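Undergrad: My questions are about this predicted structure, shown below with the sequence.
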Amino acid sequence: MAVNGTGPYDPENIFAKILRGDIPCKKVFENEWVLAFYDIAPKAPVHVLIIPKKPYVSFIDFNKTASAQEIVAVMQAAGQIAHDLHLEEGGYRIITNAGQNAGQEVPHFHLHLLGGKALPPFPA
Ligand code: AMP
């Protein structure tokens, strides 16, 4: 079910549980600011979720309240992961769903990194 991208942060959301180590993930990348892991229901041969470690409901929240250092860290991580997973030559897509109209389901801001094949035109 799609969530409100501006609501209060729910510390029981699934990505908060992954960050706390309460449930496992298939980790791809981690540093002081960012965790990235494979999507459990991949929409492409490579489908990675990139999340800030701090609690932001959506891009709406992240863009307004995260520090410049944190915003840069998320974007740099996305580029680094795409490089490390050899997605650059073939190309890739980065998207984020923010709130109900976009169909955001997990209320912790995340980027989707999709690649590994020719993707359907966006939006599909
Ligand atoms: P969104 O609709 O943009 O909020 O995307 C949420 C994404 O999280 C979906 O692509 C789900 O497949 C993915 N997802 C949900 N639970 C997990 C999980 N436990 N581990 C990895 N990915 C998950």
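TA: Looks like it came in fine. Residues are numbered from 1 along each chain as shown.

Undergrad: Just the helices from this protein, written as ranges.
TA: Taking DSSP state H to define them, one finds helices in the chain at 14-20, 59-65, 68-84.

Undergrad: Going by neighbour count, which residues in the lengthiest strand in the chain are buried?
TA: Secondary structure of the chain per DSSP state E: the longest strand is strand 46-52. Within strand 46-52, the residues that qualify as buried by neighbour count (16 or more other Cβ atoms under 10 Å) are Val46, His47, Val48, Leu49, Ile50, Ile51, Pro52. C-betas here are computed from N, CA, C, even on glycine.

Undergrad: got it, and stretch 69-86?
TA: Of the residues in stretch 69-86, those buried under the neighbour-count criterion (16+ other Cβ under 10 Å) are Glu70, Ala73, Val74, Ala77, Ala78, Ile81, Ala82, Leu85.

Undergrad: Val106: which of those residues is nearest?
TA: Closest approach to Val106 among those (Cβ to Cβ): Val74, at 15.6 Å.

Undergrad: residues contacting that closest one?
TA: Contacts were defined as Cβ atoms under 8 Å, 6 or more residues apart in numbering; by that measure Val74 touches Trp33, Val34, Ile50, Pro52, Phe62, Ala66, Leu111.

Undergrad: and if we set it to 10 Å?
TA: In this structure, Val74 makes contact with 33-34, 36, 50-53, 56, 59, 62, 66, 96, 109-111, judged by Cβ atoms under 10 Å, 6 or more residues apart in numbering.
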